[in-house]
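Asks: Kindly return the folded structure for what I paste below:
(2 chains)
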Amino acid sequence: MAIDISQFLQTFYEESFEGLDIMESGLLSLDSGSADSEVINDIFRAAHSIKGGSGTFGLNAVANFTHILESLLDEMRDGRRQVTKEGVNLLLESVDCLREMLTAAKENQELDTQRIADVHGRLEAMWGKSEEGASTPVTATDNSNTSTGQNADGWTIKFSPFPYILKTGNEPARMFKELRELGELTVAVNTDKVPDFPELDPDECFLAWTLTLDGNIERAAIEDVFSWIEEDCDLEITPIVSRSESDNQPAANTPAATGAATARTGGSSSSESASIRVGIDKVDSVINLVGELVITQSMLSTTGSAYPMLQAGLAQLERNTRELQEQVMRMRMLPVSFVFNRFPRLVHDISEKLGKKIELKMSGEQTELDKTVIEKVTDPLVHLIRNSLDHGIEMPEDRLAAGKPETGTVWLDAYHKGGNIIIEVRDDGKGIDKAVILEKAIERGLVDANTHLEDNQILDLIFQPGLSTAKEVSDLSGRGVGMDVVRRNMESLGGNVEIRSTMGEGSTLTVRLPLTLAILDGQTIEVGNENYIVPLISIIESTQIKPEMLNYVAGKGETFMLRDEYIPVIRLHEIFESKPRHTDITKGLLVVVEAEGKKTGLFVDDLLGQQQVVIKSLETNYKKVDGVSGATILGDGSIALILDVPGLVRLSQENRTDRLKLSA
Amino acid sequence: MATAASTEAMQLGQDGTLGQDDDGVQFLSFILADEYYGIDILRVQEIKGWTPVTRVPQTPEHMKGVLNLRGTVVPIIDMRMRFSLEEVEYTPLTVVIVMTVKSDSGERLVGIVVDAVSDVLNVGKDDIKPTPDFGDTVSTDFINGLASVDDKMVMLLDADKLFNVEELATEETLEQE
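Replies: Numbers count the residues shown, from 1 in each chain, chains lettered A, B, ... in the order given. A predicted model of the protein is given here:
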């Protein structure tokens, strides 16, 4: 029966690219000095899966390439090879090569075989060096060289698969066949566990084997055979050491080797990150259906309250639906670290290339973003960071001359603010020379030489198409496609990009992304009989005030004094033209919010619960409404609007001026 | 979208049984202050009874609010208010017709509140008469044509124009405020 494996090809590519990402981030963390065996294990496993998969799909070049990579990693894992900067760099390069090879295979593209052959050659050279250089092993486990090395006379393998092994599609007999290709194999079967005939389940395997494999065989080759089932069996591989050697340390070898094998089994089960691939449309339809379920549930609980017997069950149902809804909503969200993770590599490579010393500091990697936003924000961010590295940070000697530390710093921060997700790329480099920009813009005819521009307007010019201030065009930046594309991409997501820069001190690029699709922690407030959600992130505190705290500016502007600060009041019911329960400001509550750095008190009737809500855009079917950033569906199926705090502040200022004009 | 029909909703297939005849177009007719209107049945997503909506501040009066339609936030427009007709209390017969509206920015869902739905009409292409020009007194941009069915005049609405005009009207109303 022929199975068309090409249908799995897509999955293989996706998994391989993910595997490469894992390898890359692993290698980079090694780079920073920690030779954590767990990290190396992760890298190794990723490489191993790629090797296995590429072999299956006939991508032999990839398989061969990965094989040597894997061998090197294996040595690092066993501590037989020291983790050096050169080694890591070479491995990183090989990751790139693999990525190219896989992309080429996937897209049917031409491949730069020269470069790959070169890297392959260097890998082999490094691998070869270790075989000769075994005399200078570095770590304390070097005596395990004999146990894990290539010169054992043979191996004893105790192989006891778990009963379900056959159901996983693995066939011990095939493995023995593979082993037989490695050397001379003797198989002894252990039938102790086979039950009596009536209890015998033909689908389960009760046999265990003791295998003896003679010949000069690498341990890795044997492990390879069992690699797909290492979690589905008890496996013990012990070398049969020739008499002369075993005299030295006969006892020490066996436990060491088995120890390594069991440790690996434990490790791999934890990193088999339990994830599956699901189309985003399926997730979306589940989200909508769960919403429907929640409504049905609350409908039931209204009618069901008449029947005491039902109530316990309904309460249970309610808890379960809530939980279900919460979990389902999380499915679309990914931490922004999915994007951020690639930046250490980028900074590492570029700073090396430019000969600059740059440190990348990241924060807020756990800020959650919708998957679609994450995908679209990646390329623009890469661009911004490259710009900072290339144009922002100066050469070490220039920095020293300017009295700055030799190592430049690029900060990458993500956080929620004012109902937006903000990603900030900041550097302590030389900043942007406004004069140069202005000159260039005039030269390109983007602005008229006579117009007077404010500083921020000049800076904003860098988002114009066709303006690059780089003196030379490098392969990093300066090609004139850039900031304008970044801005366009962000705007297509409904966000924006802003720049601030101080000569000699550095620049900050702020990417503001809208909430659309994102989850938000919200505080439900009540005004009249209407409920609104205020983003929790913009709330500083809520308070009830006493009459003596109130002040009126020019008899109109209502403000109150909170700990030596005058805070203007916005009466939500006035802006939203609703009928409040309280018009006396001392009766209701003031929610103190911060918008664009300024504090404002929102006067509301009451505070209700806090909850996590999924933001739905009003624009999808309607249009942007002032003072409202979106809507969300509450547990009972009704819609609550999410307040746009900065927008509200603007709105109330306009209202105030209108009223002043009217009264004037 | 149309996977789970709520109990009060009647679903009409987009491409199903109530399709288009070769020689004509099918319209869903509805009543508004004793006048008959029709919209292309292929645009109708679903018909449901009136349920309370969430009011959206800073919007014109005829924008009643937004409704949760299986996870989608749908604006609900009162057609009586939209056409400046006399307002009435909502009754059990009051229905919301949810329909798709196409514009440059893509497809949107809009619900309209009408007095009652009436019928599904088969209108031959030749039976559609052009709208007479009322000059400035009555805007007829969003009327595709008039059709006579059983001695009743039915105004065939162009949903796309109706709600694009609607948007403009919204802007103006805001400015006037």
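
Asks: Now the closest residue to chain B within the stretch 151-300 of chain A. Nearest residue, chain neighbours left out?
Replies: Residue nearest to chain B within the stretch 151-300 of chain A (CB to the nearest CB): A:Asn288, separated by 3.4 Å. The C-beta positions use only the backbone N, C-alpha and C, and glycine is treated the same way. Using CB to CB, 6 or more residues apart in numbering or on different chains and skipping residues adjacent in sequence, the residue nearest A:Asn288 is B:Gly71, 3.4 Å away.

Asks: what's the answer for A:Phe338, then?
Replies: Nearest residue to A:Phe338, sequence neighbours excluded (CB to CB, 6+ apart): A:Ile374, at 5.6 Å.

Asks: Now the one you found: which helix or strand?
Replies: Assigned by DSSP states H and E, A:Ile374 falls within helix A:371-387.

Asks: Pull out the buried positions in the following helix or strand past that helix.
Replies: Once helix A:371-387 ends, the next helix or strand along the chain (criterion: DSSP H and E) is helix A:396-401. Residues A:Pro396, A:Arg399 are the ones in helix A:396-401 that count as buried (16 or more other CB atoms under 10 Å in any protein chain shown).

Asks: Okay, now the unreliable bits of chain B?
Replies: Across chain B, the ranges flagged by pLDDT under 70 are B:1-23, B:136-139, B:165-177.

Asks: For it, which residues are neighbours of chain A?
Replies: Residues of chain B lying near chain A by CB under 8 Å from any CB of the partner chain: B:3-4, B:6, B:52-59, B:63, B:65-68, B:70-75, B:108-110, B:167, B:170.

Asks: Go again with 6 Å.
Replies: Contacts of chain B with chain A, taken as CB under 6 Å from any CB of the partner chain, map to B:4, B:54, B:56-58, B:66, B:68, B:70-71, B:73-75, B:108-109.

Asks: Next, the contact list for the residue nearest the centre of chain B, please.
Replies: Geometric centre of chain B, nearest residue: B:Ile112, 5.0 Å, by CA atoms, centre = their mean. When contacts are counted by CB atoms under 6 Å, 6 or more residues apart in numbering or on different chains, B:Ile112 touches B:Ile77, B:Met79, B:Ile97.

Asks: Quick check: the gap between it and B:Met63.
Replies: Distance, B:Ile112 to B:Met63, using CB to CB, to the nearest Å: 11 Å.

Asks: now A:Lys430
Replies: From A:Lys430 to B:Met63 the distance is 52 Å (CB to CB).

Asks: And for A:Ala435?
Replies: A:Ala435 is 50 Å from B:Met63, by CB to CB.

Asks: What is the neighbour count of the residue in the stretch 101-250 of chain A positioned nearest to chain B?
Replies: Closest approach between the stretch 101-250 of chain A and chain B, counting by CB to the nearest CB: A:Glu107, at 29.9 Å. By other CB atoms under 10 Å in any protein chain shown, the residues close to A:Glu107 number 9.

Asks: measure A:Trp411 to A:Gly429 for me?
Replies: To A:Gly429, A:Trp411 is 11 Å away according to CB to CB.

Asks: the more surrounded of those two?
Replies: Taking neighbours as other CB under 10 Å, A:Trp411 and A:Gly429 compare with A:Gly429 leading, 28 against 17.

Asks: ok, now how distant is the more buried one from chain B?
Replies: To chain B, A:Gly429 is 40 Å away according to CB to the nearest CB, to the nearest Å.

Asks: Same check on A:Val511?
Replies: According to CB to the nearest CB, A:Val511 and chain B sit 23 Å apart.

Asks: So what's the residue count around A:Val95?
Replies: Neighbours of A:Val95 using other CB under 10 Å come to 25.

Asks: dump the residue contacts of it.
Replies: Counted by CB under 6 Å, 6+ apart, A:Val95 has contacts A:Leu20, A:Met23, A:Glu24.

Asks: ok, now A:Gly429?
Replies: A:Gly429 sits in contact with A:Gly392, A:Ile393, A:Glu394, A:Gly408, A:Gly506, where contact means CB under 6 Å, 6+ apart.

Asks: mind redoing it with 10 Å?
Replies: Shown in contact with A:Gly429 (CB atoms under 10 Å, 6 or more residues apart in numbering or on different chains): A:356, A:358, A:387-394, A:398-399, A:402, A:404, A:408-410, A:501, A:504-507.

Asks: out of these, which are buried?
Replies: Among the contacts of A:Gly429, those classed as buried by neighbour count (16+ other CB under 10 Å) are A:356, A:358, A:387-394, A:399, A:404, A:408-410, A:501, A:506-507.

Asks: three-state assignment of A:His177?
Replies: One thing to correct before we go on: residue A:177 is Lys, not His. Of the three states, A:Lys177 takes helix according to DSSP: H, G, I helix; E, B strand; the rest coil.

Asks: ok, it - contacts?
Replies: Contacts of A:Lys177 (CB under 10 Å, 6+ apart): A:Glu171, A:Leu185, A:Val225.

Asks: again, only using 6 Å
Replies: By CB under 6 Å, 6+ apart, A:Lys177 has no neighbours at all.

Asks: likewise B:Pro130?
Replies: B:Pro130 makes contact with B:Gly145, according to CB under 6 Å, 6+ apart.

Asks: how does it look with 10 Å?
Replies: Contacts of B:Pro130 (CB under 10 Å, 6+ apart): B:Thr140, B:Ile143, B:Asn144, B:Gly145, B:Leu146.

Asks: got a list of what the closest residue to the fourth one other than its chain neighbours touches?
Replies: When you say that, I think you mean B:Gly145. In space, not counting the residues next to it along the chain, B:Gly145 is nearest to B:Ile128; the distance is 4.1 Å by CB to CB, 6+ apart. Applying CB under 10 Å, 6+ apart, we find B:Ile128 in contact with B:Gly24, B:Val25, B:Phe27, B:Gly38, B:Asn144, B:Gly145, B:Leu146, B:Ala147, B:Ser148, B:Val154, B:Leu156.

Asks: Need the residues you listed in TSV (columns: neighbour count, distance to A:Gln311 and secondary structure).
Replies: Shown next, in TSV, are those (neighbours: other CB atoms under 10 Å in any protein chain shown; distance: CB to CB, whole Å; DSSP: H, G, I helix; E, B strand; the rest coil):
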residue	neighbour count	distance to A:Gln311	secondary structure
B:Gly24	16	55	strand
B:Val25	20	52	strand
B:Phe27	27	48	strand
B:Gly38	26	48	strand
B:Asn144	21	54	strand
B:Gly145	18	57	strand
B:Leu146	17	57	strand
B:Ala147	22	55	strand
B:Ser148	12	58	strand
B:Val154	23	51	strand
B:Leu156	23	52	strand
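
Asks: mind checking how far the residue nearest to B:Gly145 is from chain A?
Replies: From B:Ile128 to chain A the distance is 29 Å (CB to the nearest CB).

Asks: Could you provide the contacts of B:Ile128 in CSV, with additional columns for distance to A:Pro568?
Replies: Formatted as CSV, the contacts of B:Ile128 follow (distance: CB to CB, whole Å):
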residue, distance to A:Pro568
B:Gly24, 62
B:Val25, 57
B:Phe27, 54
B:Gly38, 52
B:Asn144, 51
B:Gly145, 55
B:Leu146, 55
B:Ala147, 58
B:Ser148, 61
B:Val154, 55
B:Leu156, 52
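
Asks: Buried residues in the helix holding A:Ile374, which are they?
Replies: A:Lys371, A:Val373, A:Ile374, A:Lys376, A:Val377, A:Pro380, A:Leu381, A:His383, A:Leu384, A:Ile385, A:Arg386, A:Asn387.

Asks: Between A:Ala435 and B:Met63, which has more neighbouring residues?
Replies: Neighbour count, other CB under 10 Å: between A:Ala435 and B:Met63, B:Met63 has more, with 23 against 10.

Asks: wait, that one sits on B:Val74?
Replies: No. Contact criterion CB atoms under 10 Å: B:Met63 and B:Val74 do not qualify, at 11.7 Å.

Asks: okay, and the common contacts of these two?
Replies: Taking CB under 10 Å, 6+ apart as the criterion, B:Met63 and B:Val74 both touch A:Tyr622, B:Val53.

Asks: Show me what B:Tyr37 is bridged to.
Replies: B:Phe30, B:Met155 (DSSP bridges).
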